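[1] Based on what follows, work out the 3D shape:
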Amino acid sequence: MVTILQAPLFVPANRPDRFAKAAASDADAVILDLEDAIPASEKDSARANLTSTFTDKPVIVRVNAAQTPFHTADIDTLKFLEIDAVMLPKAEDLADIDKLWTSLGRRLPVIALIESARGLANAREIAAHEGVVRLAFGSIDYCADLGCAHRQDVLLPVRSELVLASKLAGIAAPIDGVTADLTDPAIAHEDAAHARDLGMTGKLCIHPRQVADIRRALAPGVSEIAWARRVLSAGDGAVVVDGAMVDAPVRIRARAILAAVPEDTR
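    Now for the predicted structure:
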């Protein structure tokens, strides 16, 4: 299920009053966050709030990184919860992935959050781990780790590598990182459209008002759907559609576009 998520929404786990509100949004999953949004003094109380009973949507828990003193307690708590996946931040080493996977009884899918130079260097191995179902990009932490600017052109090779690593491992395409700017929903929409152009199929959300614009950006547009229909109705072999040659690879892309829209609109 988590392999098809487009717009999962973060909620601080120390704010249980926001859980149901997040689930009522258009987000297709809720991520209860034990990591960055939670002060060290509130880690214990945040763990005590963890639940999945507030929604029928997938519930994911982002634990603290394996390198932190909070990680073990996080994992011990998850052993007794019915959730849909666990998100591991600062995913860098296969040993950490394997420890998490086995500690949780090899039952919970792992979303590996790549947000460091070392994590990117090992992304292909991480994506190929049996417990990992998806990569996600922690772009802000990645830029902090490398001291680079948080710009699309700077991060283009990173996002492309995560798409490639996922493809080579045979797992779902990666989820892009958050857009921190909440002043204009168009910014999140443009960021999501950029991620989609690179082959990503999801984007992490930090506010309910980002969700609709992100999902709209990740969905095929009206003109794309119309083009795909024309391509697939043009017959087999090499033909010309809209002045361009169409052959087997073009039809594969057309089918992928139509597969991403509801059946009744194909």
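[2] Mind listing what's buried along stretch 18-31?
    Residues of stretch 18-31 classed as buried: 18, 19, 22, 23, 25, 26, 27, 28, 29, 30, 31 (neighbour count, 16 or more other CB atoms under 10 Å). Just so you know, the C-beta spots here come from the backbone N, C-alpha and C atoms, and that holds for glycine as well.
[3] So which of these belong to strands?
    Mapping the buried residues of stretch 18-31 onto strands (DSSP state E) picks out 29, 30, 31.
[4] wait, what's in contact with the residue lying closest to residue 3 once chain neighbours are set aside?
    Leaving aside its chain neighbours, residue 3 sits nearest to residue 172 (3.9 Å; criterion: CB to CB, 6 or more residues apart in numbering). Residue 172 is in contact with 3, 4, 133, 134, 166, 201, counting by CB atoms under 8 Å, 6 or more residues apart in numbering.
[5] What ranges in the stretch 151-266 of the chain fall below the confidence cut-off?
    Residue ranges of the stretch 151-266 of the chain with pLDDT under 70: 262-266.
[6] need the buried residues of stretch 18-31 in CSV with pLDDT, can you?
    Rendered in CSV, the data for the buried residues of stretch 18-31 read as follows (pLDDT from 0 to 100):
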residue, pLDDT
18, 97
19, 97
22, 96
23, 97
25, 95
26, 93
27, 96
28, 94
29, 96
30, 98
31, 98
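[7] Any idea how many residues pack against residue 170?
    Counted with other CB atoms under 10 Å, the neighbours of residue 170 add up to 8.
[8] Tell me how far it lies from residue 132.
    Taking CB to CB, to the nearest Å as the measure, residue 170 falls 11 Å from residue 132.
[9] go on, residue 257?
    Distance from residue 257 to residue 132, by CB to CB: 27 Å.
[10] Break down the stretch 1-150 of the chain into its helices, ranges please.
    19-24, 43-49, 71-78, 94-103, 117-121, 123-127, 139-146 (DSSP state H, counting those that start in this stretch).
[11] Please name whichever of the ones you listed is nearest to residue 195.
    helix 139-146 (9.8 Å; CB to CB).
[12] residues in contact with that closest one?
    Contacts with helix 139-146, where a contact means CB under 8 Å, 6+ apart, come from 89-90, 114-117, 119-120, 149-150, 154-155, 158, 176-178, 180.
[13] Which of those fall within strands?
    In this view, the contacts of helix 139-146 that belong to strands under DSSP E are 114, 176.
[14] which of the contacts of helix 139-146 are buried?
    The neighbour count (16+ other CB under 10 Å) marks 89, 90, 114, 115, 116, 119, 120, 155, 158, 176, 177, 178 as buried among these.
[15] Pick out whichever of those residues sits closest to residue 51.
    Within the set of those, residue 89 lies nearest residue 51; the separation is 20.9 Å, counting by CB to CB.
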